[in-house]
Structure formats: C-alpha cells, structure tokens
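Visitor: Predicted model, plus sequence, below.
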Amino acid sequence: IGQWPQSGPLAALPHGSVQARSWPSEWGRAPNQAAPSYHDRGNQFWEKLCTAEFRELYALGSIHNDLYVIGGQMKIKNQYLITNCVDKYSVERDNWKRVSPLPLQLACHAVVTVNNKLYVIGGWTPQMDLPDEEPDRLSNKLLQYDPSQDQWSVRAPMKYSKYRFSTAVVNSEIYVLGGIGCVGQDKGQVRKCLDVVEIYNPDGDFWREGPPMPSPLLSLRTNSTNAGAVDGKLYVCGGFHGADRHEVISKEILELDPWENQWNVVAINVLMHDSYDVCLVARMNPRDLIPPPSDLVEEGNEH
C-alpha cells in the first residue's frame, strides 16, 4: 500500500484539515487543551488553534465546520469528575462556545454524525450512591443532539450497557460493535466481553441485531474506535481479544457487507499496535492491505 508522507511535527497541517482526537490522561496536569489542525495543501504544517478547558475521556464529534467536545472527565481541585458539559469549536471563527449539556454525565462514550445530528452512545456514568471501589455504571443510552435547536433528546436504548466498543456509520445506520458490557440497564450485574453487533436506524428510532463478530473484541482504548466504513462496507481493524489489557491484540481486518450479512476476514498478520484510532478514507480498500515484513512480525511477536 502507499506510504505516509513526511510532514511537519505535531506542534504545528493548511486549513481544511484533520483535527486531533484526544490527549493522554497523564497530561491531566495541563489547565487547557489545544485543538491542533493539520494542513495538507502546499507546505504541510500543524497549526495550534485556540485552547479550551482541559478534559479527557470525552467524545469528539463534528457537524459541518463545527467540532463538539462532549462530556468526559475533568480535573477539579485534584479530583477527577465526570461532566455533562458540551463545548462547540467553530473552525471558521476560531472560538469556543458552550452549548446545551448532555442529559447525564458521561465518559468513555462514542459519538457519530448522521444527517447533521450527533448521536452519543454508551459510556460510563457516575453513580454517587455506590461504594468508592465501584463508582460508575455503564450506559445503554443513545442521545441525539440537534444543532439547529441546540437540544438533546433521548432515543431508543441499546440492548447492552457498554463501553470500549467500536462504532461506524454505514448507509446512514449506526453500527455498535463488541465492547465490555451487560444486558439491559447496568445494575451491577457481571460484565463480559461482547461479540454483539447492534444496529440503529435513526429514521425509525429502533435497534436490531446484526451478525455477531467471529469473536468478542474490545477497542484498544476506552475512547477509541477500531471500525470504519468504505464503499458501503464495514471494516474492523484489530482490537483486543478479551477484557484484560495484556490479552492478545488481533492482527486481522474483518469486513461486513450489510447485504450479505456475514463477516469475512480480509487481511491477516496486519501490523497492529496499541492505542490507535481507525479512520478509513478515500478508496483505500482494506482488502488491498499487504502483510508487514517478516522482521516486523517477528519483532511484534516478542512483545
């Protein structure tokens, strides 16, 4: 496949660009977070845009030329608190504006855009009446944001409360894949790794079950996704087999054709690493991926 071009370092890419998704939790001491923008026309460089109040484990969505930083965890007086705050960044105006908050506090959730509306899926929500060793519950809620009304609404819930799942939009439907979770509303029941596929139809406001994945898969980070869509097909790239961080990282790429309604393995022994997001662009089909050089495969198997 093609190679990545050499670009400027991440302190500074031309307007019209790619936005950074998240910041590591060890940066929690920083009072603010920047919104770097990568410009790929002419001389490539990173540009540091205006900053916003620091948070982590949030979801980042976009509609037109606006970015939305949704929920997450904030550090206040040496204590981490989950928030329901939503901040909108205007690329055109280069400024931040606080918009209507989420109906509940959320972290480690996901967000997708369908028909110019944001859909926030799953995640953690704090439960103040629980003991300290178990402060959070998983969410099975689906929340819709309409920017024209600056208003949130609660849509049909998922069958499973979950986090560490992957999500993508295919043919204007939302696919939620795998993760860690439990059936129904989380009331402290046992959580397990999931091979479940849940599909949401925004027009009818209902969920249906999709074909289970070949094995349970978790995203490699609490707020990342390993899935993307190309030409009406869904692809899941890698992931964890199991709930423990030291479980095996999958080196397969799975393909789901919604019309065939079955999973196919389209690439094996793909070089994978920890803590990444997947963004499938243009017409680079994952079926065209080639295995990595043998020396890299051997090196990866040593870890």
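Guide: The structure has been received and is ready for your questions.
Visitor: Against A227, how distant is S166?
Guide: 4 Å (Cβ to Cβ, to the nearest Å). The way it works is simple: take the backbone N, C-alpha and C, and place the C-beta from them, glycine included.
Visitor: likewise I82?
Guide: From I82 across to A227, the span is 25 Å (Cβ to Cβ).
Visitor: Help me confirm that W259 is found in a helix?
Guide: No: in this structure, W259 is coil, not part of a helix, as judged by DSSP: H, G, I helix; E, B strand; the rest coil.
Visitor: Quick check: it vs V176, distance?
Guide: Computed with Cβ to Cβ, the distance linking W259 and V176 is 20 Å.
Visitor: quick one, which of those two is more surrounded?
Guide: Neighbour tally, W259 and V176, criterion other Cβ atoms under 10 Å: the higher count belongs to V176, 28 against 9.
Visitor: Verify the assumption that the more buried one is located in a strand.
Guide: Yes: membership of V176 in a strand is supported by three-state DSSP.
Visitor: Run through the bridge partners of it.
Guide: As for beta bridges, V176 partners with T167, E198 under DSSP bridges.
Visitor: wait, it sits on E198?
Guide: Yes: checked against Cβ atoms under 8 Å, the pair V176 and E198 is within contact range at 4.6 Å.
Visitor: what do these two both touch?
Guide: M158 (Cβ atoms under 8 Å, 6 or more residues apart in numbering).
Visitor: can I assume K251 is in contact with N269?
Guide: Yes: if you go by Cβ under 8 Å, K251 and N269 touch, sitting 5.3 Å apart.
Visitor: Who has more neighbours out of these two?
Guide: More crowded of K251 and N269, by other Cβ under 10 Å: K251, with 19 against 15.
Visitor: next one: phi and psi at the more buried one?
Guide: phi -110, psi 20 (degrees, to the nearest 10).
Visitor: Show me where the stretch 201-303 of the chain has its strands.
Guide: Taking DSSP state E, counting those that start in this stretch, the strands of the stretch 201-303 of the chain run over residues 206-209, 227-230, 233-237, 253-257, 262-267.
Visitor: wait, which of these is closest to V112?
Guide: Nearest to V112 among the strands of the stretch 201-303 of the chain is strand 227-230; the distance by Cβ to Cβ comes to 10.4 Å.
Visitor: packing partners for that closest one?
Guide: Here strand 227-230 touches strand 166-170, strand 233-237, going by 3 or more Cβ pairs under 8 Å, 6 or more residues apart in numbering; DSSP states H and E.
Visitor: let's go with 10 Å and repeat that
Guide: In this structure, strand 227-230 packs against strand 166-170, strand 173-177, strand 233-237, strand 253-257, with contacts taken as 3 or more Cβ pairs under 10 Å, 6 or more residues apart in numbering; DSSP states H and E.
Visitor: Please convert these to JSON lines, extending it with mean pLDDT.
Guide: Written out in JSON lines, the entries for those read as follows (pLDDT from 0 to 100):
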{"stretch": "strand 166-170", "mean pLDDT": "94"}
{"stretch": "strand 173-177", "mean pLDDT": "97"}
{"stretch": "strand 233-237", "mean pLDDT": "90"}
{"stretch": "strand 253-257", "mean pLDDT": "92"}
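Visitor: For the ones you listed, please prepare JSON lines with the additional fields distance to W207.
Guide: Compiled in JSON lines, the helices and strands packed on strand 227-230 are given as follows (distance: least, Cβ to Cβ, whole Å):
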{"stretch": "strand 166-170", "distance to W207": "13"}
{"stretch": "strand 173-177", "distance to W207": "9"}
{"stretch": "strand 233-237", "distance to W207": "16"}
{"stretch": "strand 253-257", "distance to W207": "17"}
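Visitor: Overlap in contacts, S166 and A227.
Guide: For the pair S166 and A227, residues contacting each of them under the criterion Cβ atoms under 10 Å, 6 or more residues apart in numbering are Y175, V176, L177, G178, L217, S219, L234, V236, C237, G239, D277, V278.
Visitor: Of the residues you listed, which is the most crowded?
Guide: G239 (32 neighbours).
Visitor: Next, find the distance separating that one from P126.
Guide: G239 is 27 Å from P126, where distance means Cβ to Cβ.
Visitor: ok, now N65?
Guide: Relative to P126, N65 is positioned 33 Å away (criterion: Cβ to Cβ).
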